[in-house]
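Student: Structure for the following, please:
(one chain, ligands or ions: 1)
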Amino acid sequence: AGIITLDPGYKNTGSCESAITYLDGEKGILRYRGYAIEDLAEKADFLEVAYLLIFGELPNKTQLEKFHNDIKANSEVDEDVKKIVDSFPRTAHPMGVLSSLTSALTAFNPSCVDINSEEDMYQAIVKIMGKFPVLAAWTLRRRNAKPYDYGNASLGYVENMLYMMFKKPNEEYKLNPVVVEALDKLLILHADHEQNCSTSTVRIVGSSHAGLFASLSAGVSALWGPLHGGANQAVIEMLEGIKEDGGDTAKYMEKAKDKEDPFRLMGFGHRVYKNFDPRAKIIKKSADEVLGDLGVEDPVLSIAKGLEKQALEDDYFVKRKLYPNVDFYSGIIYRALGIPTEMFTVMFALGRLPGWIAQWREMRLKKEPIGRPRQVYVGENLRPFVEVEKR
Ligand code: CMC
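Tutor: Presented below is the predicted three-dimensional model:
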């Protein structure tokens, strides 16, 4: 007691025991509840993965149907929420809007704040699984000045996300199976990633028993930053910038290596992966397939591949073990699916939602103590107080 170990950024500090996600950063391995990410991305759908993460096992048909029905039955939000959405400037960043709306849900669902049983927990979980995609879709609809819509309850969870975002009034919305499959895969790949910045935020806010929705709202805010989930937007903006500047990738490689220059190669590097991010491998392959299937030609894809090739052969990146991460190619797919750049991090949040929930639930079920790191004080010693007139 009394001795405090400093670890800024918690680079080497474990905050909990967890049975949800296994990650080996040296070997580039990622598993949810023991299942390889490659298998889940290929064979499962997002709602199954959500159930797996939250409750620990893959659902059977009946369990999955019940989960989906409970989510659908709880997806409506209070009519007054529409007024809140309307009060945001149409140019507001969707992540700020989504975080505020998630927090506002607490006011409309007071029963979800004080969670005292597994049943309370379940009710809060199906409510947020239902309402969060509605809020995300309405955030986009506000930007596009489109009426708010609950979509079509006969559709699957991911299908309805697209429908709620893109259905135009008085027009049929035809779901493209290529788009649905691509989005489903991206959501699965983003669904959990152990104690990352936003997840640790959710756990630490939840550890004060602040309630699920308040904890998730804080998670959305943490995810927003460009060093975390906001990197997917930053990558596309960077690639666009390189394209407009004549496509000289070598110039930007030099900038990224220059310690005087704040520019970093966005979508590169990771706190834990010192090898290929297994998610980036799957997403890179999927980017080629999806763009091919949709007949989209995006010049930034070849710029991205060029950057990757140069970085993997460059001493600076090799020495520091910097590889492309999940955000490097995901934006290129989102863009091919018709999702606007400023919504990319919202898509990440939609995918991460079940992970945040699973981690929060685990933390509460294990009755973890309040999160409260210590510090080493380096400020002034005791000083005499001086009246304002005498300063
Ligand atoms: N470009 C250039 N240099 C880099 C980069 C980069 N993208 N990433 C790390 N470095 C350098 C860094 O300057 C440092 O060099 P030195 O040892 O000479 O000081 C070294 O590599 C180690 O980096 P760090 O910043 O100490 O590592 P960290 O674990 O604190 O940061 C990171 C991890 C992901 C924040 C960082 O790699 C980064 O800023 N990457 C770009 C943003 C990004 O793509 N974020 C998404 C992360 S993955 C998904 C997610 O979390 O949402």
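Student: Run the contact check for stretch 86-106 versus the ligand.
Tutor: No - Stretch 86-106 does not reach the ligand (CB under 6 Å from any ligand atom); its nearest approach is 12.6 Å. For every residue, glycine as well, the C-beta is placed using N, CA and C.
Student: Give the other helices and strands that the helix or strand where Glu159 lies contacts.
Tutor: Here Glu159, judged by DSSP states H and E, is contained in helix 157-166. For helix 157-166, the elements it packs on are helix 46-55, helix 118-143, helix 177-190, judged by 3 or more CB pairs under 8 Å, 6 or more residues apart in numbering; DSSP states H and E.
Student: Residues touching the last one, excluding its own?
Tutor: Think helix 177-190. 37, 40-41, 44-46, 49, 156, 158-159, 161-162, 279, 282-283, 286, 290, 293-294, 326, 330, 333-334, 336-338, 347-348, 350-352, 355 (CB atoms under 8 Å, 6 or more residues apart in numbering).
Student: Now find how far off-centre it is within its chain.
Tutor: 14 Å (CA atoms, centre = their mean, to the nearest Å).
Student: any idea how far Ile303 is from Glu244?
Tutor: Separation of Glu244 from Ile303 (CB to CB, to the nearest Å): 11 Å.
Student: And for Gly219, the neighbour number?
Tutor: By other CB atoms under 10 Å, 31 other residues sit near Gly219.
Student: Thought Arg352 was touching it, still the case?
Tutor: Yes - with contact defined as CB atoms under 8 Å, Gly219 counts as touching Arg352 (7.5 Å).
Student: same question for the helix holding Glu159, mean pLDDT?
Tutor: Helix 157-166 carries an average pLDDT of 97.
Student: For it, which outside residues touch it?
Tutor: The contact list for helix 157-166, computed with CB under 8 Å, 6+ apart, reads 45-47, 68, 71, 133-134, 136-138, 140-141, 149-153, 155, 173, 175, 179-180, 183-184, 187, 338-339, 350.
Student: I'd like to know which of the residues you listed are buried.
Tutor: 45-47, 68, 71, 133-134, 136-138, 140-141, 149-151, 155, 175, 179-180, 183-184, 187, 339, 350 (16 or more other CB atoms under 10 Å).
Student: so who does Asp86 touch?
Tutor: Neighbours of Asp86 in contact, by CB under 8 Å, 6+ apart: Arg142.
Student: check which helix or strand covers it.
Tutor: helix 79-87.
Student: buried ones in that helix?
Tutor: Neighbour count says helix 79-87 has Val81, Ile84, Val85 buried, by 16+ other CB under 10 Å.
Student: Please convert the helices and strands packed on helix 157-166 to CSV, extending it with mean pLDDT and distance to Phe213.
Tutor: As requested, the helices and strands packed on helix 157-166 are arranged in CSV below (pLDDT from 0 to 100; distance: least, CB to CB, whole Å):
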stretch, mean pLDDT, distance to Phe213
helix 46-55, 98, 16
helix 118-143, 97, 6
helix 177-190, 96, 20
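Student: The residue of the stretch 151-300 of the chain found nearest the ligand - nearest residue in space that isn't next to it in sequence?
Tutor: Per CB to the nearest ligand atom, Gly269 is where the stretch 151-300 of the chain lies closest to the ligand, at 2.4 Å. Of all residues not flanking Gly269 in the chain, Leu322 sits nearest, at 4.3 Å (CB to CB, 6 or more residues apart in numbering).
Student: What's the separation between that neighbour and Gly25?
Tutor: The gap separating Leu322 from Gly25 is 13 Å, by CB to CB.
Student: same check, this time on Asp78
Tutor: 43 Å.
Student: got it, and Val296?
Tutor: Relative to Gly25, and taking CB to CB, Val296 is found at 33 Å.
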